[in-house]
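Q: what shape does this take:
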Amino acid sequence: MNSLKRINRWCAIVIVLITIVSISEFTMVFAGDIKIGVVNTEKILRESLPAIQAQKKIDQEFVPRDEDIKKMAVQAKTLQDKLEKDSTAMMEETERRNLERNLANLSREYQRAQRQMREDFSVRQNEEYSVILERTNRAISKIAETEKYDLILQLQDSVYRSQRIDITDKVIKALENE
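A: Modelled structure (predicted):
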């Protein structure tokens, strides 16, 4: 009876091994025919010529607002210094309160302007990036058709990917040649 259990166990092991080998050979046959590519869109939005040009364009659009915000910061610093310097001297109570009120108003205005500029900057950046992503998708489709890819994945944070399947640099080059 004991030997029968051993024979059954060996038969089961052999069947499992045959199944594993068959599946792996079957997978290899089909895997050899599939061409897969990977694209890092984050890198494209950071390093491609259209992305760099768009970022410069956006930065230039926001220079005047940034300068206005910097002027507000200087005004606030000047008021703060005046309050600290003159508070030890005999400043009239109403004048000190007016300066404090002006400083508080300027501080609120400064924070509001900063927040609004950040929001507008983000919206503007998203507008430009969506145009670049549309162009990127067209470039990826063209590369996929030309080079006969079966699947191209958008990959941001992968643990590992072979440089052999990473076509990000091809896409960046295609965008620059458009």
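
Q: switch to C-alpha atoms for all contacts and neighbour counts from now on
A: OK.

Q: which stretches of this structure have low pLDDT?
A: Where the chain drops to pLDDT under 70, the residues are 1-32, 86-91, 156-158.

Q: just say helix, strand or coil for the residue positioned nearest the centre of the chain.
A: Computing the C-alpha centroid of the chain and ranking residues by CA atoms, centre = their mean puts residue 42 first, at 4.8 Å. In three-state terms, and counting by DSSP: H, G, I helix; E, B strand; the rest coil, residue 42 is helix.

Q: list the buried ones in stretch 47-65?
A: Residues of stretch 47-65 classed as buried: 48, 49, 50, 51, 54, 55, 58 (neighbour count, 16 or more other CA atoms under 10 Å).

Q: need the residues that contact it.
A: Defining contact as CA atoms under 8 Å, 6 or more residues apart in numbering, one finds that stretch 47-65 is touched by 44-46, 117, 121, 124-125, 128-129, 132, 172-173, 175-176.

Q: and those, which two are furthest apart?
A: The span of the contacts of stretch 47-65, defined through CA to CA, is set by 117 and 173 at 32.8 Å.

Q: what's the single longest helix in this protein?
A: helix 93-146 (DSSP state H).

Q: domains for this structure, by residue range?
A: With domains defined by automatic domain parsing, the chain comprises 1-33, 34-177.

Q: who are the contact partners of residue 176?
A: Counted by CA under 8 Å, 6+ apart, residue 176 has contacts 48, 49, 50.

Q: is it located within a helix, as I assumed?
A: Yes - using three-state DSSP, the secondary structure at residue 176 is a helix.

Q: and the gap between it and residue 125?
A: 19 Å (CA to CA, to the nearest Å).

Q: that older thread, and the contacts of stretch 47-65, which are buried?
A: Using 16+ other CA under 10 Å as the burial test, those include 44, 45, 117, 121, 124, 125, 128, 129, 132, 172, 175 as buried.

Q: now the residues you listed in JSON lines, with distance to residue 62?
A: Formatted as JSON lines, the buried ones among the contacts of stretch 47-65 follow (distance: CA to CA, whole Å):
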{"residue": "44", "distance to residue 62": "23"}
{"residue": "45", "distance to residue 62": "19"}
{"residue": "117", "distance to residue 62": "8"}
{"residue": "121", "distance to residue 62": "8"}
{"residue": "124", "distance to residue 62": "10"}
{"residue": "125", "distance to residue 62": "11"}
{"residue": "128", "distance to residue 62": "14"}
{"residue": "129", "distance to residue 62": "17"}
{"residue": "132", "distance to residue 62": "20"}
{"residue": "172", "distance to residue 62": "27"}
{"residue": "175", "distance to residue 62": "26"}
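
Q: cheers, nothing more for now.
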